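Q: model this:
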Amino acid sequence: MKLMNKPILDKEDSLYICIDLQSKIIPTMSDIDPLIKNTNILLRTADIYNIPVLVTEQYPKGLGATDERIVFPKDYKLFAKDYFSIFGTEDFVKEFNSFDKKNIIVFGIETHVCVYYSVLHLIDNGYNVYVVADACSSRTKENKHIALEQMRKIGANIVSTEMILFWHIEHSKVDCFKELSKLLKE
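A: Numbering: from 1, shown residues only. Got it, this is the predicted structure:
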């Protein structure tokens, strides 16, 4: 076996999409605390590595803005939407296409509705999709698990927050290793 010296998931060809973590709906989700913690770890990782982050809010007039516990990176882009899929909004599609990234890391709510629809469209368009299971939720755990199973069947990679974090790192000697590892302990 030859020596491997590159990350599993190329951060230079990655884009994060945070879906609908809004104040009026998040309290109805199962496992809220891990959802928020893992979302913030992912967003901090994106910030450290300058990975672009696109954020959506489903019908913000009715469901409110993103929950105040979510800490966004400095250069995120926010989009309001009415369609379940992130690709039902023209300004989102235009911004998404401008990045020309192949590895799309997806997380948010609800797993069986907006996340599922969006992942389906990403898969149909040939992207490498990574659904961060522990940074997704639905009102019921059953709906979340069914959705994750269905997304796996259509070709999505079902991963964890820690997997994504460490897949961007080549080794433990990178400058930000201690900072990223510390996030997991908080």
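
Q: which parts of this structure are helices?
A: Secondary structure of the chain (DSSP state H): helices at 32-49, 60-63, 90-99, 116-124, 141-153, 161-167, 177-185.

Q: so for residue 110, which of these sits nearest?
A: Each of the helices of the chain has some distance to residue 110 by Cβ to Cβ; the shortest is helix 141-153, at 7.2 Å. C-beta: built from backbone N, CA, C; applies to glycine.

Q: alpha carbons of that closest one, as PDB, please.
A: Provided in PDB are the C-alpha atoms of helix 141-153 (Å, rounded to 0.1, in the frame of the first residue of the first chain):
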ATOM      1  CA  LYS A 141     -36.800  10.000  14.600                       C
ATOM      2  CA  GLU A 142     -38.600   7.500  12.400                       C
ATOM      3  CA  ASN A 143     -39.000  10.100   9.600                       C
ATOM      4  CA  LYS A 144     -35.400  11.000   9.900                       C
ATOM      5  CA  HIS A 145     -34.200   7.400   9.700                       C
ATOM      6  CA  ILE A 146     -36.500   6.600   6.800                       C
ATOM      7  CA  ALA A 147     -35.200   9.600   4.900                       C
ATOM      8  CA  LEU A 148     -31.600   8.800   5.500                       C
ATOM      9  CA  GLU A 149     -32.100   5.300   4.300                       C
ATOM     10  CA  GLN A 150     -33.800   6.500   1.100                       C
ATOM     11  CA  MET A 151     -31.100   9.100   0.500                       C
ATOM     12  CA  ARG A 152     -28.500   6.300   0.800                       C
ATOM     13  CA  LYS A 153     -30.400   4.200  -1.700                       C
END
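
Q: how far off helix 116-124 does that helix point, in degrees?
A: Here the directions of helix 141-153 and helix 116-124 differ by 10 degrees (axes from the mean of the first three to the mean of the last three Cα atoms, to 10 degrees).

Q: now render the helices of the chain as TSV, adding distance to residue 132, mean pLDDT and mean neighbour count.
A: Listed next are these as TSV, based on distance: least, Cβ to Cβ, whole Å; pLDDT from 0 to 100; neighbours: other Cβ atoms under 10 Å:
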stretch	distance to residue 132	mean pLDDT	mean neighbour count
helix 32-49	6	94	20
helix 60-63	21	92	13
helix 90-99	18	96	14
helix 116-124	11	97	21
helix 141-153	10	98	16
helix 161-167	6	88	20
helix 177-185	14	72	13
